[in-house]
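Engineer: fold the following and give me the result.
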Amino acid sequence: MRIIYFSLDYTPHDHRFLAALAETKHEVYYVRLQRGPRQVEDRPVPEKIQQVLWAGGQRPFDWRDLPRLTLDFRHLIRTIKPDLVHAGPIQTCAFIAALSGFHPLLTMSWGFDLMQDVERSPWWRWVTRYTLRRSDYFTSDAAVTRDRAVAYGMNPEKTVVFPWGVDLQRFSPKPWPSETKPSFTIFCNRAWEPRYGVDVLARAFVRLAKNRPEVSLILLGGGSQAQSLRQIFEQGGVSERVSFPGQIPNHDLPRYYHMADLYISPSHVDGSSVSLMEAMACGLPCLVSDIPANKEWVQEGENGWLFPDGDAQALAGKIEQVLANRSRLIEIGQAARRTAEQKADWRKNFEKLLKTYELSLKSSE
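Structural biologist: Numbers count the residues shown, from 1 in each chain. Sure, this is the predicted structure:
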């Protein structure tokens with residue numbers, strides 16, 4: 001099969017898909033819509049994947065470029081003659097693919113496109129409906145995003161849900177400690193952008209740190225909220241207890257999960273979070289916002305904990321509860337690992353994407 005994989009930028013998620021596709025017999029062409037302001041993936045595009053030079057992919061996406069990009073994408077279709085276009089997010093890549101008139105089109109939600117971007121304006125809602133009604137098949141990584149796609153016009157019988165998953169061998173638990181250590185490390189690697197709520201964690205940590213000198217925080221990555229986050233820590237007098245390692249290579253991620261005692265994701269918007277799956281696969285107890293997608297993974301008190309989305313005071317209180325019951329951390333971590341083994345095995349889940357390709361082809365016949 002000849003496939004065009006059309007994505008917004010080049011991220012660890014794109015590398016995961018492309019690396020897996022490179023191991024198949026399919027001929028895959030990677031089309032990149034934009035080059036964003038921050039590089040978040042340092043691994044090269046897999047060798048067997050053919051990168052396409054076209055009108056996009058050199059700067060951030062601008063709606064004024066839509067006619068030019070659509071015309072050039074049509075040219076790509078005529079040149080490459082693909083059997084299938086796999087495109088997402090919905091309102092950018094999949095929209096351009098839909099405008100091109102090509103079929104079969106497999107539209108893939110990236111979570112934020114249906115949980116947040118669709119609410120930006122009537123235009124974004126119209127684009128969403130237009131794209132989904134012209135998609136031959138739809139896939140997402142969470143039931144909540146699938147349900148929203150159906151609400152915006154996607155045929156419910158042409159949908160497939162599967163978590164993207166992680167490499168369970170690379171993300172695996174460290175030896176369980178035989179005794180409780182005096183220090184306690186919290187870890188978060190969500191991007192410092194409003195949709196991910198890292199500012200909520202920052203305010204919660206300031207509250208917590210006043211009475212908990214043994215607690216420290218590691219924040220990976222970066223983003224537009226960098227200055228405001230540092231101000232929260234400085235004004236709270238806890239800057240010396242927060243580490244900012246920056247953007248690290250993907251292969252170093254397991255080491256950071258192993259350094260931590262608790263993983264926190266304060267995200268306001270998510271599908272099935274890959275970083276949450278990575279933490280669970282590493283046997284790291286997780287405390288996450290109670291948004292619908294997180295509740296598909298975390299059951300309160302069984303394999304992790306939930307807190308009310310956006311509530312810094314409640315988050316601080318929940319961390320206090322975890323600290324007061326540190327004897328349960330190993331039990332919760334082991335349950336988290338079992339959940340990852342049952343639901344987040346990338347090798348098994350990727351097979352569902354290949355089957356979706358076949359379904360997409362049949363649906364357009």
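Engineer: contacts only, for Val298.
Structural biologist: Applying CB atoms under 8 Å, 6 or more residues apart in numbering to Val298 gives the contacts 276, 286, 288, 304-306. For the C-beta atoms, the positions are set from N, CA and C on the backbone; glycine is no exception.
Engineer: how about a markdown table for the residues you listed, with neighbour count and pLDDT added?
Structural biologist: What follows is the contacts of Val298, written out as a markdown table (neighbours: other CB atoms under 10 Å; pLDDT from 0 to 100):
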| residue | neighbour count | pLDDT |
| --- | --- | --- |
| Leu276 | 27 | 97 |
| Cys286 | 27 | 98 |
| Val288 | 25 | 98 |
| Gly304 | 27 | 97 |
| Trp305 | 21 | 98 |
| Leu306 | 19 | 98 |
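Engineer: which neighbouring elements make contact with the lengthiest helix in the chain?
Structural biologist: Secondary structure of the chain per DSSP state H: the longest helix is helix 346-363. Contacts defined by 3 or more CB pairs under 8 Å, 6 or more residues apart in numbering; DSSP states H and E place helix 346-363 against helix 12-22, strand 84-88, strand 105-108, strand 137-140, strand 159-161.
Engineer: ok, which stretches of the protein are strands?
Structural biologist: With DSSP state E, the ranges of strands along the chain come out as 2-7, 27-32, 50-51, 84-88, 105-108, 137-140, 159-161, 184-188, 215-220, 242-246, 262-265, 286-289, 305-307.
Engineer: residues contacting the fourth one, please?
Structural biologist: The set of residues that contact strand 84-88 without belonging to it, under CB under 8 Å, 6+ apart, is 1-8, 77, 93-94, 96-97, 102, 104-110, 113, 357, 360-361.
Engineer: give me the buried subset of those residues.
Structural biologist: Buried by 16 or more other CB atoms under 10 Å: 3-8, 77, 93-94, 96-97, 102, 104-110, 113, 357, 360-361, out of those.
Engineer: surely Leu99 touches Thr70?
Structural biologist: Yes: when contacts are counted by CB atoms under 8 Å, Leu99 is listed as touching Thr70 (4.7 Å).
Engineer: only C-alpha atoms, please: export the longest helix of the chain in CSV.
Structural biologist: Extracted in CSV, the C-alpha atoms of helix 346-363 (Å, rounded to 0.1, in the frame of the first residue of the first chain):
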residue,chain,number,x,y,z
TRP,A,346,2.3,-0.1,21.5
ARG,A,347,3.2,-3.2,19.4
LYS,A,348,-0.3,-4.7,19.9
ASN,A,349,-2.1,-1.4,19.5
PHE,A,350,-0.3,-0.5,16.3
GLU,A,351,-1.8,-3.6,14.6
LYS,A,352,-5.2,-1.9,15.1
LEU,A,353,-4.0,1.0,12.9
LEU,A,354,-2.9,-1.3,10.1
LYS,A,355,-6.4,-3.0,10.3
THR,A,356,-7.9,0.5,10.2
TYR,A,357,-6.0,1.2,7.0
GLU,A,358,-7.6,-1.9,5.4
LEU,A,359,-11.1,-0.9,6.6
SER,A,360,-10.5,2.6,5.2
LEU,A,361,-9.7,1.1,1.8
LYS,A,362,-12.7,-1.1,1.8
SER,A,363,-15.0,1.7,2.8
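Engineer: give me the buried positions along that helix.
Structural biologist: Residues 346, 349-350, 353, 356-357, 359-361, 363 are the ones in helix 346-363 that count as buried (16+ other CB under 10 Å).
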